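Trainee: Compute the structure for the input listed below.
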Amino acid sequence: QANGAQHGVDGDGHFYWAVIPAYFEPERFPANTGGDYILYLGRMTRRKGVEIVERVAQDTDMPVIFAGEGEMVDEITYDKAECVGNVGPEERAALLANAHCLMYPTIYIAPFGCSQTEAALCGCPTLTSPFGACSDRERIRQGVDGWRCSKIGEFVWGVQHADQLARAEIRRHAQATYSLAAIGPLYDHYFKHLTTLEGEGFYDSRPVEPHLF
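Mentor: This next block holds a predicted model:
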């Protein structure tokens, strides 16, 4: 990522900064056709919302798979929960392809959140928090790719209605947005933009078409 805006030395932005999202290879993510379990991918910590996932799974009487490591692995007590530890790319893709939905109820303010993008590349709906990177309305189009949820009842409702979403549309949109073919030109334009900042740079007032990134 060309992302200078996260932590500036002086707290302010610079015109040579840009935010370019991560890119993915769509062929690594098989199509999701629906499944019977909730999926959680990430660190097994409280700040990632693990206890919320367990609570929602219990309230909906759904099986849940936790993929990740952390101190909360030993705290999961729900009898329909399975903790599978860290998973590699192929196993992660298979889990996403066969999940009912991904839950990403992070309390930690995520700067991007790859798991929800990987879910979308499979066409798997995501239920997530409404802040940080998760608040991006282009990434989680409310009622299209999933839902941004603010309380337990909204997550429960989302699980109950996830099978009504068009998984093929979720996948199409993600591939059009996050494939290398889509992201590559942004890097190209960014590096070309850097070459224009010599001399007067920002203060050069000659008309020029704005960049893509």
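Trainee: Identify the residues contacting the residue nearest in space to the middle of the chain.
Mentor: Centroid-nearest residue in the chain: Gln116, 2.8 Å away (criterion: Cα atoms, centre = their mean). Residues near Gln116 by Cβ atoms under 8 Å, 6 or more residues apart in numbering: 102, 104, 126, 128, 134, 139-140. For every residue, glycine as well, the C-beta is placed using N, CA and C.
Trainee: For those, give me TSV that also has pLDDT and neighbour count.
Mentor: Converted to TSV, these look like this (pLDDT from 0 to 100; neighbours: other Cβ atoms under 10 Å):
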residue	pLDDT	neighbour count
Leu102	97	27
Tyr104	94	27
Thr126	96	28
Thr128	94	29
Cys134	69	21
Arg139	76	23
Ile140	82	26
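Trainee: wait, which of those is closest to Glu200?
Mentor: For the contacts of Gln116, the closest approach to Glu200 (Cβ to Cβ) belongs to Arg139, at 36.2 Å.
Trainee: OK, contacts around that closest one?
Mentor: Here Arg139 is in contact with 116-117, 120, 133, 145 (Cβ under 8 Å, 6+ apart).
Trainee: now Arg47
Mentor: Per Cβ under 8 Å, 6+ apart, neighbours of Arg47: 106-108.
Trainee: just to revisit the earlier point, any chance of a markdown table for the contacts of Arg139, columns pLDDT and secondary structure?
Mentor: Converted to a markdown table, these look like this (pLDDT from 0 to 100; DSSP: H, G, I helix; E, B strand; the rest coil):
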| residue | pLDDT | secondary structure |
| --- | --- | --- |
| Gln116 | 90 | helix |
| Thr117 | 92 | helix |
| Ala120 | 95 | helix |
| Ala133 | 73 | helix |
| Asp145 | 92 | coil |
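Trainee: Glu90: how many residues sit nearby?
Mentor: 10 (other Cβ atoms under 10 Å).
Trainee: With only the CA atoms kept, save the helix or strand harbouring it in PDB.
Mentor: Using DSSP states H and E, the element containing Glu90 is helix 89-97. Output of helix 89-97 as PDB, limited to C-alpha atoms (Å, rounded to 0.1, in the frame of the first residue of the first chain):
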ATOM      1  CA  PRO A  89      -4.300 -19.700   1.600                       C
ATOM      2  CA  GLU A  90      -6.000 -22.800   0.200                       C
ATOM      3  CA  GLU A  91      -7.800 -23.800   3.400                       C
ATOM      4  CA  ARG A  92      -8.800 -20.200   4.000                       C
ATOM      5  CA  ALA A  93     -10.300 -20.000   0.500                       C
ATOM      6  CA  ALA A  94     -12.200 -23.300   1.000                       C
ATOM      7  CA  LEU A  95     -13.600 -22.100   4.300                       C
ATOM      8  CA  LEU A  96     -14.800 -18.800   2.700                       C
ATOM      9  CA  ALA A  97     -16.300 -20.700  -0.300                       C
END
